[in-house]
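Colleague: pasting the structure only:
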Ligand SMILES: [Zn+2]
């Protein structure tokens, strides 16, 4: 009997202890629990291949809008000037009413004028932030916004899990930027019952911006938040000769193209805008729109193009996207990677022995750390000929490494390629060493240099035909011919000077030119 009571008491205490441990664990890992459960249901939904356009009550992303952010659209700043962009004002009100009708818990704003890093997406930390248009002579137009701290925490965690460098580190200025405040100026006239998430852009490729967007969508699903994304961004700044930034022919081209793409919600085409083209057009919003597109990944949307104006020489475009269901055909990043892989596969099949040698060298070196032996079946001139060689790697359309020799330093071209290929992949000081998982995405080219000849002036250059070597004392910089984004001799010389560390204004320089045979 005594034993029985004792056992009962022990069991009772064990039960209490177990209950509290379970409760503690559940509270502590609630988010984890939620994500496990939701990941599971999400996968199930995906595998059922939902019918296009099916409306789901549980859809977390309600919609998105693409809007510009000219401070002068705010009457206190514009003082009448805003009337010159009335179509934009009207469309902005319509977009703001639309957001209010979606009743979001949280509004995510991506802004080009928040904190921006070359290799990191900054998400604003803290509970709240203030801002005003004081910088634009309207201090009376003020904002006080509450941040969705839980959303920020889970988004940072999800980004880390996907290898997207994003988080709340390195905030330099806590106050709200105009890229965020202009959209909120309109939205707050119709809805103030939301919390804010503010995200800056980065110098990373467009694909990373899209991935971050997909991560925003995932976070909303995990937390069961209804959200709206505002992709804040102006279009080209170079639409008019008398505009504040002048005219560039790519300016109006960019505006026409982006409005066409965004008007059709054809987000796969966002990746087709090259960096050079965007730079020349001096756009501000492309990466912002790309994050927004990513947040709509796999969703069907009803797109509406509301307005486009370029009155002041800067493009302002407004489109809205109402989410109508899931659509497995709209996973654009996945499709893009597939296409890239296919392109690279085709390229590989067509490559010549020079490129093939560079690729084999790098693939072997990155995977094993070994330098390959010179293969036996190369064309004769690669064994007998000697020349300076440059090996270039590109990834995602961006330079990923380029190292070479102006004159030959090895016994033959094959050796020259092998040595320079390893340097380009592992020792280019501008980049970190190539990693094994990047190998499938690399595109190679090999330039075999002809002899350099000294020239008297830049007039003897031709940016498409000749490369240039600029020297001054012991400093020497080289630029290959016919490079994407380098269209004039002046640009070519300027970049070569930069590479040599020669000041741009220096005129006492020696110029040489050379031709190349490019293998790609
Ligand atoms: Zn801007």
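Modeller: Yep, that arrived. All figures in this text were calculated on a predicted structure; none of them were measured in a lab. Residues are numbered from 1 along each chain as shown.

Colleague: which residue is the nearest non-sequential neighbour of residue 477?
Modeller: residue 500 (2.9 Å; C-beta to C-beta, 6 or more residues apart in numbering). Bear in mind the C-beta positions are built from the backbone N, C-alpha and C, glycine included.

Colleague: same question for residue 176.
Modeller: Here the residue nearest residue 176, using C-beta to C-beta, 6+ apart, is residue 131, at 2.8 Å.

Colleague: count of neighbours near the one you found?
Modeller: 20 (other C-beta atoms under 10 Å).

Colleague: from residue 283, how far out is the residue in the stretch 301-450 of the chain that the ion sits nearest to?
Modeller: Of all residues in the stretch 301-450 of the chain, residue 314 sits closest to the ion, at 8.4 Å by C-beta to the ion. For residue 314, the distance to residue 283 (C-beta to C-beta, to the nearest Å) stands at 10 Å.

Colleague: common neighbours of these two, please.
Modeller: 234, 235, 236, 237 (C-beta atoms under 8 Å, 6 or more residues apart in numbering).

Colleague: contacting residues around the nearest residue to residue 464 once chain neighbours are set aside?
Modeller: Spatial nearest neighbour of residue 464, excluding adjacent residues (C-beta to C-beta, 6+ apart): residue 482 at 5.0 Å. Residue 482 makes contacts with 463, 464, 465, 518, as judged by C-beta under 8 Å, 6+ apart.

Colleague: try residue 519
Modeller: 352, 354, 355, 445, 446, 447, 448.

Colleague: again with residue 230
Modeller: Taking C-beta under 8 Å, 6+ apart as the test, what residue 230 contacts is 64, 65, 67, 99, 107, 108, 109, 110, 183, 187, 292.

Colleague: that one looks like it's in a helix, true?
Modeller: No. In this structure, residue 230 is strand, not part of a helix, as judged by DSSP: H, G, I helix; E, B strand; the rest coil.

Colleague: now the phi/psi pair for residue 396, please.
Modeller: Note on residue 396: its backbone torsions stand at phi 60, psi 30 [degrees, to the nearest 10].

Colleague: show me the chain divided up by domain.
Modeller: For the chain, the structural domains run 60-336, 351-443, 450-520, going by automatic domain parsing.

Colleague: burial count for the residue in the stretch 251-400 of the chain that the ion sits nearest to?
Modeller: Across the stretch 251-400 of the chain, no residue is closer to the ion than residue 284, which sits at 3.5 Å (C-beta to the ion). Per other C-beta under 10 Å, the neighbour tally for residue 284 reads 23.

Colleague: got a winner among the contacts of residue 482 for most neighbours?
Modeller: residue 463 (19 neighbours).

Colleague: could you look up the SS state of that one?
Modeller: From three-state DSSP, the assignment for residue 463 is coil.

Colleague: ok, it - contacts?
Modeller: 481, 482, 486, 487, 488, 489, 491, 492.

Colleague: ok, now residue 365?
Modeller: Per C-beta under 8 Å, 6+ apart, neighbours of residue 365: 371, 372, 421, 422, 425, 426.

Colleague: what's the most distant pair in these?
Modeller: 372 and 426 (13.9 Å; C-beta to C-beta).

Colleague: for the closest residue to residue 293 other than its chain neighbours, grab the count of nearby residues.
Modeller: Leaving aside its sequence neighbours, residue 293 sits nearest to residue 267 (C-beta to C-beta, 6+ apart; 3.8 Å). Neighbourhood size, residue 267 [other C-beta under 10 Å]: 25.

Colleague: surely residue 267 and residue 258 touch.
Modeller: No. Counting by C-beta atoms under 8 Å, residue 267 sits too far from residue 258 to count as a contact (11.4 Å).

Colleague: and the spatially closest residue to residue 173 that is not a sequence neighbour, what is it in contact with?
Modeller: Among residues not flanking residue 173 along the chain, residue 115 sits closest, at 6.9 Å (C-beta to C-beta, 6+ apart). By C-beta under 8 Å, 6+ apart, the contact set of residue 115 is 122, 124, 170, 171, 172, 173, 200.

Colleague: quick check: phi and psi at residue 115.
Modeller: Torsion angles, degrees, to the nearest 10, at residue 115: phi -60, psi 130.

Colleague: what about it, distance to residue 313?
Modeller: Relative to residue 313, and taking C-beta to C-beta, residue 115 is found at 27 Å.

Colleague: would you point out which residue is most central in this protein?
Modeller: residue 206 (2.9 Å; C-alpha atoms, centre = their mean).

Colleague: tell me which element the residue lying closest to it once chain neighbours are set aside is part of?
Modeller: Spatially, and ignoring its direct neighbours in sequence, residue 206 is nearest to residue 290 (5.1 Å; C-beta to C-beta, 6+ apart). In the assignment (DSSP states H and E), residue 290 maps to helix 286-295.

Colleague: show me where the stretch 251-400 of the chain has its strands.
Modeller: Ranges of strands in the stretch 251-400 of the chain, per DSSP state E, counting those that start in this stretch, are 299-309, 316-326, 389-395, 398-404.

Colleague: deepest-packed of the ones you listed, please.
Modeller: Across the strands of the stretch 251-400 of the chain, averaging neighbours per residue (mean count of other C-beta atoms under 10 Å) puts strand 389-395 on top, at a mean of 24.

Colleague: got the angle for it vs strand 398-404?
Modeller: 170 degrees (axes from the mean of the first three to the mean of the last three C-alpha atoms, to 10 degrees).

Colleague: with residue 518 as the reference, measure out to residue 357.
Modeller: 15 Å.

Colleague: what subset of the contacts of residue 365 is buried?
Modeller: Buried by 16 or more other C-beta atoms under 10 Å: 372, 421, 422, 425, 426, out of the contacts of residue 365.

Colleague: just these: which are in helices?
Modeller: Among those, the ones falling in helices (DSSP state H) are 421, 422, 425, 426.

Colleague: okay, the closest residue to the second one other than its chain neighbours: pLDDT?
Modeller: This means residue 422. What sits nearest to residue 422 in space, not counting adjacent residues and going by C-beta to C-beta, 6+ apart, is residue 365, at 5.2 Å. Residue 365 carries a pLDDT score of 97 in this model.

Colleague: cool, and residue 89?
Modeller: 98.

Colleague: and the one 3 residues further on, by the same measure?
Modeller: At residue 92 the predicted local distance difference test score is 98.

Colleague: the inter-axis angle of the helix or strand containing it versus strand 316-326?
Modeller: Using DSSP H and E, the element containing residue 92 is helix 86-102. Angle, helix 86-102 to strand 316-326, by the same axes, to 10 degrees: 30 degrees.

Colleague: buried stuff in helix 86-102?
Modeller: Neighbour-count burial for helix 86-102 [16+ other C-beta under 10 Å]: 88, 89, 91, 92, 94, 95, 96, 98, 99, 100, 102.

Colleague: residues touching the second one, list them.
Modeller: To tie it back to what came earlier, the one meant is residue 89. 73, 82, 83.

Colleague: per-residue confidence for the closest residue to residue 193 other than its chain neighbours?
Modeller: Distances taken as C-beta to C-beta, 6+ apart put residue 103 closest to residue 193, at 7.9 Å, once the chain neighbours are dropped. For residue 103, the pLDDT comes out at 96.
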